[in-house]
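>>> mind looking at a prediction? Sequence and model below.
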Amino acid sequence: MVRPDTGTRAAWASHSEGRSAESESPELPTYIQGITEALREELERDPSVFLIGEDIGTYEGAFKVTKGFLQQFGPRRILDTPISESAIVGAATGAALMGMRPVVEMQFIDFISCAWNQIVNMAAKIHYRWGRAVPITIRGPSGGYTHGGPFHSENPEAWFCHVPGLKVVAPSTGWDAKGLLKSAIRDDNPVLYLEHKFLYRRIRGPLPGPDVTVPIGVAEVKRPGADASVITYGSGVHLALEAAAALAAEGHDVEVLDLRTLRPLDRAAIVATVERTGKVLVLHEAHLTGGLGGEVAALIAEHAFERLDAPVMRLAAADTPVPYSDPLEQQVLPDTARVTSALRTLLDY
Amino acid sequence: MVRPDTGTRAAWASHSEGRSAESESPELPTYIQGITEALREELERDPSVFLIGEDIGTYEGAFKVTKGFLQQFGPRRILDTPISESAIVGAATGAALMGMRPVVEMQFIDFISCAWNQIVNMAAKIHYRWGRAVPITIRGPSGGYTHGGPFHSENPEAWFCHVPGLKVVAPSTGWDAKGLLKSAIRDDNPVLYLEHKFLYRRIRGPLPGPDVTVPIGVAEVKRPGADASVITYGSGVHLALEAAAALAAEGHDVEVLDLRTLRPLDRAAIVATVERTGKVLVLHEAHLTGGLGGEVAALIAEHAFERLDAPVMRLAAADTPVPYSDPLEQQVLPDTARVTSALRTLLDY
Amino acid sequence: MRSVRTKSPPLATKAVKPALRGLTRPQLHELHYLMLLNRAFDDRISALYRQGKISGGAFGSRGQEACSVGSAYALEEHDVVGPMIRNSGVILTRGLPIRKFFANYLGRATSPTGGRDGNTHLGDLSLGIVAPISHLSSLIPVLAGVALTFKLRGEKRVAITWIGDGGSSVGDFHEGLNLASVMKLPFVLVLENNQYAYSTPTSMQCAASKFSDKAAGYGIRGVTVDGNDVLAVHHAVKDAANRARSGDGPTLIEAVTMRMKGHAEHDDAGYVPTALLAEWAKRDPIERFRRLLRSRRLLTEEEDRATEDRVAREIEKAVMEALSDPFPDGPTALDGVYAERSEDRGPA
Amino acid sequence: MRSVRTKSPPLATKAVKPALRGLTRPQLHELHYLMLLNRAFDDRISALYRQGKISGGAFGSRGQEACSVGSAYALEEHDVVGPMIRNSGVILTRGLPIRKFFANYLGRATSPTGGRDGNTHLGDLSLGIVAPISHLSSLIPVLAGVALTFKLRGEKRVAITWIGDGGSSVGDFHEGLNLASVMKLPFVLVLENNQYAYSTPTSMQCAASKFSDKAAGYGIRGVTVDGNDVLAVHHAVKDAANRARSGDGPTLIEAVTMRMKGHAEHDDAGYVPTALLAEWAKRDPIERFRRLLRSRRLLTEEEDRATEDRVAREIEKAVMEALSDPFPDGPTALDGVYAERSEDRGPA
Ligand SMILES: Cc1ncc(C[n+]2csc(CCOP(=O)(O)OP(=O)(O)O)c2C)c(N)n1
Ligand SMILES: Cc1ncc(C[n+]2csc(CCOP(=O)(O)OP(=O)(O)O)c2C)c(N)n1
Ligand SMILES: [Mg+2]
Ligand SMILES: [Mg+2]
């Protein structure tokens, strides 16, 4: 298992620390605090919300997301379980049918593979089949850049985006992390909430107040621009912002669209950015082939074809498992330099 | 469970029966016979091949794919198991490491969801991680049009096409079914082999001889054309051929490219068909969103952008579970009429 | 919940005599009626299938009626059940209108799934029914979660589900039962050991001599009962439910029985020795219960015939109505993938 | 397979006296050496982690050395093992060069995974080692498949793997052990009950009083042994392997022990009562074995010191070499997703 909360030599640690606006304000809350606050506020707000997962009570979570929760809410709201991802998701589904709003923690999102059948066949299909809502949220640390190796670096979103009945969100900032988690918990459907563990304590920024949510299904322009668009989410937002900043120095004006919700996609926002810039790089940390970039590129090809001034480019992780050793991981995962150079190609087209 | 081997009121049964060249020759072997022959020949050829699955021995398989096998090969080559998809795939992986070439049958491909973790995390990653080959084939009946409902109609290929280390094939004819299964079994990697149960006994055609294989990774033009291309696979090939025949009567010349292998995609063949026709409809029976169509469309947008005369269109199942009742299933799954009308839109562009 | 047929009195109730195992004569008659209804329903499904009126699979539970009816009848109105494909008797005992049940098999708009799913794959929380999925054992964690909710909310309700000898080999059997056991949930699992899983004999599913031997590994109670004795099943489930309700945690009940037909209608079960079937035929749960009631003078020939008639009438009426029910409109297939209306939720 | 250190004689062999439980004095010394090596290796990993030289997780097995070493030492050269993260002692006993093992933790090109995976996640079939994945219990079906192959080919070889108390709650534990049981495979499963799974105590993983109670549910032998007694573990595994080899099927061996440090280096295990740790410290498997050997005059103080020195030297040399081993080249990360060369396969 990965050493929680560290990962000192990650590919773009040096970039993301100290460059983005957020990380320049060390007194502001971190991304992970956004997650913790959302959970706490929703637990306080709605007695039907409870948390369930491995080592989330006494231990307060492998990444300490639930710090202090067991004391505050007690063992009927913060449930430690055996190591049984499938049963945890199944039990959450049963509880949801009884009117509860369980929030499942996967210790690492990689272990969600053990709950695959319960998610895609049980939870996702119930409302369609017999009309009962299944308001469960499944959250957990995803992503690489921490030398987690092949089993602690997964970005599994594309699999789940192909499952009717699921919603999938992937916040890139503390604000979105908090606001989207609140929306996920209040949503009447199963929502997969992918938090990026590399961002946990590396980025800081303001958080929304207790009554503010970030709506599911709405993308956000994180940086407006006129010359080209990067359509991305999660860790990719930070790579894109860094690349855009570097290119701004050269006089290029790059827009960064943060999808935030991966299912359902905000098609209007995607088409709108293409209409503004005519050139698109789709960027994600998950493997290229079969990744969400294909879906986005296809939507653009279908709905904004006439407006395209260049082929839609994709940049993503290589089609390999995510290797452990630093030089290998750096090779496989996207980095700012590669984003910048892809954007240059696009801008020159 | 679905009534094996029937499905009388399927959406396009009336089309596929009696129209395509194969089904006009009732004396020729069926698609399912192609599967059976491939398995028998490979069992005869290579003592390291064995079959493992539920009800494949005494019962000869839910669809009788292994008819007569237990008698011919005995219980050390044809292994009945408990209902344990995950353990079956795991055991096949262990056997493959010991030099065997197991072929796993999923009774319905839908149950592969229970083996998800063993496939994507264990089998698919072993060669990358520590250099040992895992020559296993996982095969099973996929697809709809048989009133199988939400759990006996799955087309799960897109999920697996996002897994580095796996190969995925999906034959549309008996010839390919036999030739690709032989290649899958001889391949040194885990191969997911998706057979379409609606085609089992509905299409007929010649089969390759014992020494002929159909290579993995090579698409085939099933019908050449100049005006537009349908890029498809599996059941979609038959819809496309029927639509092309209908449009030929109107003077349109539609090419049908059968991908056959879904991972790795035959990018050269995809680009070549776009270069011939300039107009593309990507068609598959799996759900639209997050389906393989996105990947294909993205490849085209990236590598044949200049040659496109129209937006890449996609036609696929609706983004719902596959419902049981006939009018609902018909609504959700693609049919020839919809393919034809999509092609008309494309041809008129 | 008006129509739920599950109100049996506490075990200790002074029953109007004559009674059997704490059950009153009307209750015994109801059990008899429900088993007959279960069989008649299954037989009619089989006929509809042979007539080509059912486009999916058709599953029967001939020989296992005591398992479904006996266990469901032991529950309280607010308990929650998760029936499997061979538990049509559970669904009928919970009081789903027979017409709606036929309609589900027939893919009609009037069924609980509106034609989106078939056979016993139906849920109706007003009757405390959670729908299964095909993937065996997947319902066990879900019903454990139902039980967990009861425990968290301090409700004296029980969650119960069923599993086959074959289904017990799937991972979720273990994960779900284990979760329920370590959390001491008010949960009952009935394992119907009907000797076969499709064509596979029990010996390929489990090397233990009894499935109830698994209970010890979970630190819970395990019992094996005669699954063809409706009173034995009823008693075992009642007892397990009482223990669950009073905080004693889950019970694994193995009901030993026999699948008297093929796996589904397409399967002639040629792999089952005829001698085995003949032997089990003698233990038919319905005949056996009937003989018992008759011998104890708890059922007159007239009452028996009247029940048979009632069942035949009800089945006939329901199937005719269901057959005239409309199919769903194609375009509605695209609705309802996601919950949007708040009626989808609510206390259960 | 030259370097595999697992050739212990059949149990009945007339050992050169003095002997203990059928083990010769050189064998006993080897066990002692291997446990010391196991601990020294783990300690060095821990130090490397604290120095920031290991970028992934660092797992120790302090207090559990008898489980790994005792069981792996009971195997034959051609048996196949599937070690888990806390089984560095298994890997060392199988004879993986220590330098390569360090190199795997350090992400070096010279390691069995070439830096693609870390820690004990390494496979080397020339030593009969199958690599685990992180997902707990996933290796159980795989080693069952190894055992299946031995049975199909009529080879007298055994497959063995390990699982934690926590890992036993995952579905594949059940599916894999059940498959091995119904197929009567030459398979051994050692369940190291070390009281905790990360922060979770055993009571949340299993409500039975002993994990070996699970064996009955699979119709196989289950035994519970003192996991801090290397000879007891060795004997139990030897016995289970012998039975497996002679066609008697799998055994589930519960080795009761204690994880004496945190889950991994980042975890101070504040949730473990210090009294519990103090109590288990008295049962340290290495001290205990040393005392036993000394008291039986099977180990002189000099021999003991020489072994300690040897271990320290070997560890020091190996770690220095591994630290100077090269990192892999970035671009090689893109190779080898698929098997292409035939050397990847072959008899094993
Ligand atoms: C995970 C899974 N694998 C395979 C199947 C296919 N299948 C449906 S029913 C069945 C046999 C079930 O046997 P058992 O659990 O004993 O129940 P019974 O049919 O005897 O009532 C099989 C193999 C399935 N439904 N789910
Ligand atoms: C399926 C799965 N879920 C969660 C984890 C995260 N995890 C890694 S080790 C561990 C605890 C394991 O405890 P146990 O099996 O008792 O082994 P021990 O660490 O005590 O040796 C957990 C929860 C995992 N590796 N796999
Ligand atoms: Mg059965
Ligand atoms: Mg443990």
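Structure's in. What do you need? Ligands and ions are numbered 1, 2, ... in the order given.

>>> where in chain C is pLDDT low?
C:1-19, C:341-348 (pLDDT under 70).

>>> distance from the chain centre to the lengthiest helix in it, please.
Looking across chain C with DSSP state H, the single longest helix is helix C:25-50. The gap between where helix C:25-50 is centred and where its chain is centred comes out at 12 Å by Cα atoms, centre = their mean, to the nearest Å.

>>> who's in contact with the closest residue to ligand 4 within the stretch 51-200 of chain C?
In the stretch 51-200 of chain C, the residue that lies nearest ligand 4 is C:Val182 (14.5 Å; Cβ to the ion). Just so you know, the C-beta spots here come from the backbone N, C-alpha and C atoms, and that holds for glycine as well. Neighbouring residues of C:Val182 by Cβ atoms under 8 Å, 6 or more residues apart in numbering or on different chains: A:82, D:203-207.

>>> repeat that with 7 Å
Under the criterion of Cβ atoms under 7 Å, 6 or more residues apart in numbering or on different chains, the neighbours of C:Val182 are A:82, D:204-207.

>>> from ligand 3, how far out is the closest residue to C:Thr307 other than its chain neighbours?
Spatial nearest neighbour of C:Thr307, excluding adjacent residues (Cβ to Cβ, 6 or more residues apart in numbering or on different chains): C:Tyr33 at 5.1 Å. With distances taken as Cβ to the ion, to the nearest Å, C:Tyr33 is found 26 Å from ligand 3.

>>> for whichever residue of the stretch 51-200 of chain C sits closest to ligand 3, give its distance to ligand 2.
Relative to ligand 3, the nearest point of the stretch 51-200 of chain C is C:Gly164 (3.7 Å; Cβ to the ion). When distance is defined by Cβ to the nearest ligand atom, to the nearest Å, C:Gly164 is 26 Å away from ligand 2.

>>> wait, that residue sits on C:Tyr198?
No - in this structure, C:Gly164 is not within contact of C:Tyr198 by Cβ atoms under 7 Å, at 9.6 Å.

>>> among the two, which residue is more densely surrounded?
A count of neighbours by other Cβ atoms under 10 Å in any protein chain shown puts C:Gly164 above the other of C:Gly164 and C:Tyr198, at 26 against 20.

>>> for the stretch 51-200 of chain C, which residue gets nearest to ligand 1?
C:Gly164 (2.1 Å; Cβ to the nearest ligand atom).

>>> and that residue, bridged to which residues?
C:Glu192 (DSSP bridges).

>>> return the residues in contact with it.
C:136, C:192, C:194, C:197 are the contacts of C:Gly164 under Cβ under 7 Å, 6+ apart.

>>> from those residues, which two are the most distant?
Of all pairs drawn from those, the greatest distance, 13.5 Å, lies between C:Leu136 and C:Asn194 (Cβ to Cβ).

>>> circling back: just the ones of the contacts of C:Gly164 in strands?
Of the positions in the contacts of C:Gly164, C:192, C:197 sit in strands, assigned by DSSP state E.

>>> also within reach of ligand 3: list those from the contacts of C:Gly164.
Under the cut-off given by Cβ under 5 Å from the ion, ligand 3 has C:194, C:197 from those close to it.

>>> export the contacts of C:Gly164 as CSV, with columns for neighbour count.
Listed next are the contacts of C:Gly164 as CSV, based on neighbours: other Cβ atoms under 10 Å in any protein chain shown:
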residue, neighbour count
C:Leu136, 25
C:Glu192, 29
C:Asn194, 23
C:Ala197, 24
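
>>> turn the contacts of C:Gly164 into a markdown table, columns for distance to B:Gly293.
Shown next, in a markdown table, are those (distance: Cβ to Cβ, whole Å):
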| residue | distance to B:Gly293 |
| --- | --- |
| C:Leu136 | 32 |
| C:Glu192 | 43 |
| C:Asn194 | 44 |
| C:Ala197 | 38 |
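
>>> could you give the number of residues near the closest residue to A:Trp116 other than its chain neighbours?
Sequence neighbours aside, B:Trp116 is the residue nearest to A:Trp116 in space, at 3.8 Å (criterion: Cβ to Cβ, 6+ apart). Residues lying near B:Trp116 (other Cβ under 10 Å) number 25.
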